[in-house]
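Peer 1: kindly return the folded structure for what I paste below:
(2 chains)
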2 protein chains.
Amino acid sequence: MQLYDATLSGNAYKVRLLAALAGIDLELVPVDLAAGESRTEAFLALNPRGQIPVLVDGETVVWDSQAILVHLARTRAAGWLPEDTPGLVGVMQWLAVAENEILYGLARARAVRVFGRPWDLAQSQELGRAGLEVMDRHLGRRRWLATERPSIADVACYPYVALAPEGEVPLAGYDNVRRWIGDLQALPGYIGMPGIEPVTEVA
Amino acid sequence: MQLYDATLSGNAYKVRLLAALAGIDLELVPVDLAAGESRTEAFLALNPRGQIPVLVDGETVVWDSQAILVHLARTRAAGWLPEDTPGLVGVMQWLAVAENEILYGLARARAVRVFGRPWDLAQSQELGRAGLEVMDRHLGRRRWLATERPSIADVACYPYVALAPEGEVPLAGYDNVRRWIGDLQALPGYIGMPGIEPVTEVA
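Peer 2: This next block holds a predicted model:
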């Protein structure tokens, strides 16, 4: 199983993280985004959106980080995606937060600061903080986002939340979010990525 | 079953549309967004994100339009969300397009033009057109986005694609997308919303 990957992509890291936590072997295929390798004809045949991550699992090609998490949970990581309707719907709610406040807020703010992308920093930070506030209140009442155990909702939300300080959104004051980051970092098999600090050092 | 709703919200319309297509009765509860009714304590107790739509189904409260689509498909609209893994993963991919290129592209461009929101119009239009190109190529090879019959992926993508001209993103040239819009409008039970024209009049 190959993962088309980039080390600094939080979206690709979501997949690497679930694989590490669930004990799934991945063969990483690095894609040089700056060199345009995600826009070649060969790559667009895998993913018409021209983005990493892409998972190739035998004859099956899956693009989009969250769809890949669902594919892995359904095929090799039982327990990370509930089958019952309330559990599935709860996961979907937090996947939506991951795609909205977190991706277009926290991840965009980071992309402005780290990669020089042309988006509005203040608007992105404001949207990101709105997401952190909702998460922090929710995590004051429960250990994990969607279910009684960690799920792909936690994996999907984690990367760009933990990377928020790179976009100049400090995590100080979001005490429940910081507790949750620590709980995730303590899971057996956990791996990090560049830019994510141990929670004891998160400011 | 109550849907907290706003007539001009494409996200709320997603839910109204699935309900109409699947023959589900909804009691609509109008929320006056301009008057701040989505930011009251009572409303935030339903949805901490302060957004419509919210579905109240007995004891169950579901926020987020896509999570609501999953809830309805699992409880009352069998056939609109596949149970098998490839089908579910295919739906997840297009839900991701609905939350990315479509929501932060086409819907943001419309929100700038129709509601005077402060986002960058050109950036939003560019992201939206990237999504339309991917959809148009895909729909040149298949009738519906994710499965052999219409699914919640089609319902999730449809509103802000059909509303794209309100954000000054014309649909002329996206012939497969226009064919798909017509197929959706021809489904039994279909309902529209203000701003969506019959496909014969879409420019």
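
Peer 1: the lengthiest helix in chain A near chain B anywhere?
Peer 2: If you go by DSSP state H, chain A has its longest helix at helix A:121-139. Yes. Applying C-beta under 8 Å from any C-beta of the partner chain, one finds helix A:121-139 in contact with chain B at A:123, A:130, A:134, A:137-138. (Glycine included, C-beta is placed from N, CA and C.)

Peer 1: which intervals of chain A have sub-threshold pLDDT?
Peer 2: Residue ranges of chain A with pLDDT under 70: A:201-203.

Peer 1: which residues of it lie near chain B?
Peer 2: Checking chain A against chain B by C-beta under 8 Å from any C-beta, the hits are A:48-49, A:60, A:62-64, A:66-67, A:70-71, A:74-75, A:85-86, A:88-90, A:92-93, A:96-97, A:99-101, A:103-104, A:118-120, A:123, A:130, A:134, A:137-138.

Peer 1: who's sitting farthest from the centroid in chain A?
Peer 2: The outermost residue of chain A, judged against the average C-alpha position, is A:E41 (26.7 Å), by C-alpha atoms, centre = their mean.

Peer 1: and the two most separated of the residues of helix A:121-139 next to chain B?
Peer 2: A:Q123 and A:H138 (23.4 Å; C-beta to C-beta).

Peer 1: one step back: Throw together a ChimeraX command that grabs the buried residues out of the residues of helix A:121-139 next to chain B.
Peer 2: To isolate the buried members of these in ChimeraX, using 16 or more other C-beta atoms under 10 Å in any protein chain shown:
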select /A:123,130,134,138
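
Peer 1: what's the closest of the residues of helix A:121-139 next to chain B to B:A6?
Peer 2: A:A130 (18.9 Å).

Peer 1: which residues does that closest one contact?
Peer 2: A:101, A:105, B:49 (C-beta atoms under 8 Å, 6 or more residues apart in numbering or on different chains).

Peer 1: ok, now with 7 Å
Peer 2: A:E101 (C-beta atoms under 7 Å, 6 or more residues apart in numbering or on different chains).

Peer 1: next one: A:L187
Peer 2: Residues in contact with A:L187 (C-beta under 7 Å, 6+ apart) are A:21, A:150.

Peer 1: could you look up the SS state of it?
Peer 2: coil (DSSP: H, G, I helix; E, B strand; the rest coil).

Peer 1: run through who's touching the helix or strand harbouring A:R110.
Peer 2: Assigned by DSSP states H and E, A:R110 falls within helix A:108-115. Helix A:108-115 is contacted from outside by A:117, A:119, A:121, A:124-125, A:128, A:160, A:163, A:166-169, using C-beta under 7 Å, 6+ apart.

Peer 1: just the buried members of these?
Peer 2: With burial judged by 16+ other C-beta under 10 Å, the buried subset of the contacts of helix A:108-115 is A:124-125, A:128, A:160, A:163, A:166-167, A:169.

Peer 1: chain A: helices as residue ranges?
Peer 2: A:10-22, A:41-46, A:65-75, A:85-97, A:108-115, A:121-139, A:152-162, A:175-185.

Peer 1: now A:G58, nearest residue through space, not along the chain?
Peer 2: A:M1 (7.8 Å; C-beta to C-beta, 6 or more residues apart in numbering or on different chains).

Peer 1: so that neighbour is in contact with A:L26, correct?
Peer 2: Yes. A:M1 is within contact range of A:L26, at 5.9 Å (criterion: C-beta atoms under 7 Å).

Peer 1: circling back to that earlier point, quick check: the residue farthest from the centre of chain A vs chain B, distance?
Peer 2: 13 Å (C-beta to the nearest C-beta, to the nearest Å).

Peer 1: could you do A:F115 as well?
Peer 2: 15 Å.

Peer 1: what about the residue nearest to A:G58, neighbour count?
Peer 2: 15 (other C-beta atoms under 10 Å in any protein chain shown).

Peer 1: check the gap between it and A:A42 for me.
Peer 2: Distance of A:M1 to A:A42, given as C-beta to C-beta, to the nearest Å: 19 Å.

Peer 1: and A:V155, by the same measure?
Peer 2: On the measure of C-beta to C-beta, A:V155 and A:A42 end up 29 Å apart.

Peer 1: which of the two has more residues huddled nearby?
Peer 2: Shown here are A:V155 and A:A42; by other C-beta under 10 Å, A:V155 has more neighbours (30 against 7).

Peer 1: A:L3 - how many residues pack around it?
Peer 2: Counted with other C-beta under 10 Å, A:L3 comes out at 22.

Peer 1: what's the answer for the one 5 residues further on, then?
Peer 2: The number of residues packed around A:L8, counting by other C-beta under 10 Å, is 15.

Peer 1: for it, which non-adjacent residue is closest in space?
Peer 2: A:L8 sits nearest to A:P194 (C-beta to C-beta, 6+ apart), 6.3 Å away.

Peer 1: pretty sure that neighbour sits against A:S9.
Peer 2: No. Using C-beta under 7 Å, A:P194 is not in contact with A:S9, being 10.7 Å away.

Peer 1: of these two, who's got more company?
Peer 2: Comparing A:P194 with A:S9 by other C-beta under 10 Å, the one with more neighbours is A:S9, at 20 against 9.

Peer 1: look up how far A:L28 lies from that one.
Peer 2: From A:S9 to A:L28 the distance is 12 Å (C-beta to C-beta).

Peer 1: repeat that for A:G50.
Peer 2: On the measure of C-beta to C-beta, A:G50 and A:L28 end up 19 Å apart.

Peer 1: in contact with A:L132, which residues?
Peer 2: A:174, A:177.

Peer 1: now A:A146
Peer 2: A:A146 neighbours (C-beta under 7 Å, 6+ apart): A:90-91, A:94, A:153.

Peer 1: still on that earlier bit, tell me who's in contact with the residue nearest to A:G58.
Peer 2: Counting by C-beta under 7 Å, 6+ apart, A:M1 has contacts A:26-27, A:55-57.
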